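Peer 1: The sequence isn't on hand, but the structure is:
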């Protein structure tokens, strides 16, 4: 008999939470009679709410102080233990989430620590593929393979968007005055060195508005208002010097949205023709709602974090730069700097606007 109750855990970023949807679908297929619960960061839980086959979502909010975190984890551990889970699958384990897994008392625990050489603490099963660099979805699927599940190749994340949410997004874009084809720009990233220069984004936006006669929507998250203001400043400067011949004022074709709620962001992304952006949560979400993407990689290698077909989701990346020095032996080189002064951020600055524009035109869709 299969497990009565399963808990899947991923206490990570937005992109990781979106990626969680792929193995969750496999769990619901393999155990259709099981009660399936998800534990994720509170701010990202909305992207999981429409998933079929999920019975409950547990939101976790990390307290900023150590004592508060300890108390919060203890309360959560007590609540989870009372649920009497049979299986716990922790896809991107940390010491805290592994301890939560152990505290549930589940007879089967899968704790997959991200480090290639790190021990999978409190795991009751052996996880295949440890120490082998894989695309992140395949790495997550190894947690399910540890349970004896067969996983077909090519599984991708999927975030369902309800009809009412789609209609709301269309009204929103119409109110902004944006016409198809609409190019989305994901301007933010988890650290500055993963960000394409904002003047390049501005140049791309102006070219799109001029050459396609379509609209452009810049997207920034909460706390990224400075990116919005800098982007608009670059737009003003480039437009005054470019002579691109946009028939109407460029501000009627290029808009910026800041801090959209996650469900609305998902629906807006689904309504875009294409999204160009940094390696960040919104581009994973765009893939998960079926929108073509063009991702701009700089300090980190795409192999692990771009598990998507490149015909619909190409990326731009300058390989074999000697300044990428942070890597274990045998792994692709990457760079962990948060600021780059010596090399002047050339991993991103070498990505030209013309190439990005060409890729966007090549893969752009028509929207739903």
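Peer 2: Cool, got the structure. These numbers were taken from a predicted model, which means no experiment stands behind them.
Peer 1: Is residue 88 in a helix, a strand, or coil?
Peer 2: Following DSSP: H, G, I helix; E, B strand; the rest coil, the label given to residue 88 is strand.
Peer 1: residues contacting residue 178?
Peer 2: If you count contacts by Cβ atoms under 8 Å, 6 or more residues apart in numbering, residue 178 has them with 214, 215, 216, 217, 253, 255. All C-beta spots, glycine's among them, are computed from the backbone N, C-alpha and C.
Peer 1: That one in helix, strand or coil?
Peer 2: coil.
Peer 1: swap in the one 10 residues further on?
Peer 2: Classification of residue 188 into helix, strand or coil gives coil, according to three-state DSSP.
Peer 1: In terms of pLDDT, where does it sit?
Peer 2: At residue 188, the predicted lDDT confidence score is 96.
Peer 1: related to what we said a few turns ago, give me the lowest-pLDDT entry from the contacts of residue 178.
Peer 2: residue 253 (91).
Peer 1: Now do that one against residue 355, distance only.
Peer 2: Using Cβ to Cβ, to the nearest Å, residue 253 is found at 22 Å from residue 355.
Peer 1: Counting neighbours, go ahead and name the busier of those two.
Peer 2: Neighbour totals were compared for residue 253 and residue 355, and residue 253 leads with 25 against 12 (other Cβ atoms under 10 Å).
Peer 1: in what helix or strand does the residue lying closest to the more buried one once chain neighbours are set aside lie?
Peer 2: Excluding its sequence neighbours, the residue lying closest to residue 253 (Cβ to Cβ, 6 or more residues apart in numbering) is residue 209, at 4.2 Å. Assessed by DSSP states H and E, residue 209 sits inside helix 198-212.
Peer 1: tell me which residues in stretch 148-165 are buried?
Peer 2: For stretch 148-165, a neighbour-count test (16 or more other Cβ atoms under 10 Å) marks 151, 155, 156, 157, 158, 159, 161, 165 as buried.
Peer 1: and for it, what are the contacting residues?
Peer 2: So stretch 148-165 is contacted by 18-23, 25-26, 30, 47, 50-52, 137, 141, 144-145, 263-264, 266-267, 270, 284-285, 287-289, 307-309 (Cβ under 8 Å, 6+ apart).
Peer 1: and if we set it to 7 Å?
Peer 2: With contacts defined as Cβ atoms under 7 Å, 6 or more residues apart in numbering, stretch 148-165 is touched by 18-19, 21-22, 25-26, 30, 47, 50-51, 137, 141, 144-145, 263, 266-267, 270, 284-285, 287-289, 308.
Peer 1: Name the spans of the stretch 251-368 of the chain whose pLDDT lies under the cut-off.
Peer 2: Scanning the stretch 251-368 of the chain for pLDDT under 70 picks out 365-368.
Peer 1: need the strands for it, in chain order.
Peer 2: For the stretch 251-368 of the chain, the strands defined by DSSP state E, counting those that start in this stretch cover 254-258, 274-278, 293-296, 315-316.
Peer 1: got those as CSV, with distance to residue 92 and mean neighbour count columns?
Peer 2: Shown next, in CSV, are the strands of the stretch 251-368 of the chain (distance: least, Cβ to Cβ, whole Å; neighbours: other Cβ atoms under 10 Å):
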stretch, distance to residue 92, mean neighbour count
strand 254-258, 28, 20
strand 274-278, 20, 26
strand 293-296, 20, 26
strand 315-316, 22, 18
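Peer 1: Present the ones you listed as a markdown table; the columns should include distance to residue 323.
Peer 2: Below are the strands of the stretch 251-368 of the chain laid out as a markdown table (distance: least, Cβ to Cβ, whole Å):
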| stretch | distance to residue 323 |
| --- | --- |
| strand 254-258 | 32 |
| strand 274-278 | 18 |
| strand 293-296 | 17 |
| strand 315-316 | 17 |
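Peer 1: so which of those strands gets nearest residue 193?
Peer 2: Nearest to residue 193 among the strands of the stretch 251-368 of the chain is strand 274-278 (10.1 Å), distances taken as Cβ to Cβ.
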